[in-house]
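**Q** what would the 3D arrangement of this be:
(one chain, ligands or ions: 1)
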Amino acid sequence: MSGLNIKRVPVTPLRQNCTIIFNSEDHAVVVDPGGDVDTIISQLDGMTVDMILLTHGHFDHAGGAAELSEKLTKKQGRKVEVWGPDEKDLFLLKAISAQGNALGLMGLQDIIPDRFLTDGEELDLLGYRFEVRHVPGHTPGHVVFIDEANGRAIVGDTLFRGTVGRTDFPYGDFDALISGIKKNLMNLPDETIVLCGHGLPTTIGEERKNNPILARY
Ligand SMILES: [Zn+2]
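**A** Model (predicted):
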């Protein structure tokens, strides 16, 4: 995985994968810090965090972002910004504590990101180029991050090993999710590693062969 290391830290009772990417110079980017912020900080092991990214506005992905940003900003003496997802998830980001409370989880904080992301923009993360793609359906503003040159994609709750993200929310859209996955992810090479929001990583080739939902729709 050419020069970039990846650590998966399951957080919250939903075991959401907070993904830490980091380089050999001890700089890191944290994707989807849903909660358990002290666990995330201990996994950072003193690394400098350049940025926090969010794939979408569900509490298990974004519920620790405000606290993590605040703690890292204090520690590093420089503002650690939170970027993403697409602005269409603002209604969810403003209701994170309410999402948590509904499940009996207290202490999660709403977050207004420093910047929303839009489809097609390119981010320089630790010297690597990641493209932002808008893949709605699980939530209206869900984005994924793709480093095509190095064969890796951080996909949140769009595509999983053997299945796809839930769409049984009032704002869910199954057809949009399937067409977004096909257009933005299934066009990638087979060997592309897919880092999912829950469970183990997979590859595009594996899902092309074995994903029953994608085979059917
Ligand atoms: Zn979600």
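**Q** near the ion, which residues of this protein?
**A** 58, 157 (CB under 5 Å from the ion). Using the backbone N, CA and C atoms, a C-beta is placed for each residue, glycine as well.
**Q** could you pull out the strands for the chain?
**A** 5-11, 16-22, 27-31, 48-53, 82-83, 122-125, 128-134, 143-147, 152-156, 159-160, 163-164, 193-196, 202-203 (DSSP state E).
**Q** I'd like to know which of those lies nearest to L214.
**A** Within these, the stretch nearest L214 is strand 163-164; the backing value is 7.2 Å (CB to CB).
**Q** so where is this protein shaky, pLDDT-wise?
**A** 1-2 (pLDDT under 70).
**Q** run the last query once more with 90
**A** Applying pLDDT under 90 to the chain flags residues 1-3, 101-108.
**Q** what's the neighbour count on G197?
**A** When neighbours are counted by other CB atoms under 10 Å, G197 registers 28.
**Q** swap in V37?
**A** V37 has 23 nearby residues by other CB under 10 Å.
**Q** spit out the contact partners of it.
**A** Listed by CB atoms under 8 Å, 6 or more residues apart in numbering, the contact set of V37 reads 64, 67-68, 71.
**Q** mean neighbour count and distance to P170 added to the strands of the chain, as CSV?
**A** Converted to CSV, the strands of the chain look like this (neighbours: other CB atoms under 10 Å; distance: least, CB to CB, whole Å):
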stretch, mean neighbour count, distance to P170
strand 5-11, 16, 25
strand 16-22, 24, 21
strand 27-31, 24, 26
strand 48-53, 23, 26
strand 82-83, 20, 25
strand 122-125, 14, 31
strand 128-134, 19, 20
strand 143-147, 25, 21
strand 152-156, 27, 19
strand 159-160, 26, 22
strand 163-164, 18, 18
strand 193-196, 22, 24
strand 202-203, 20, 29
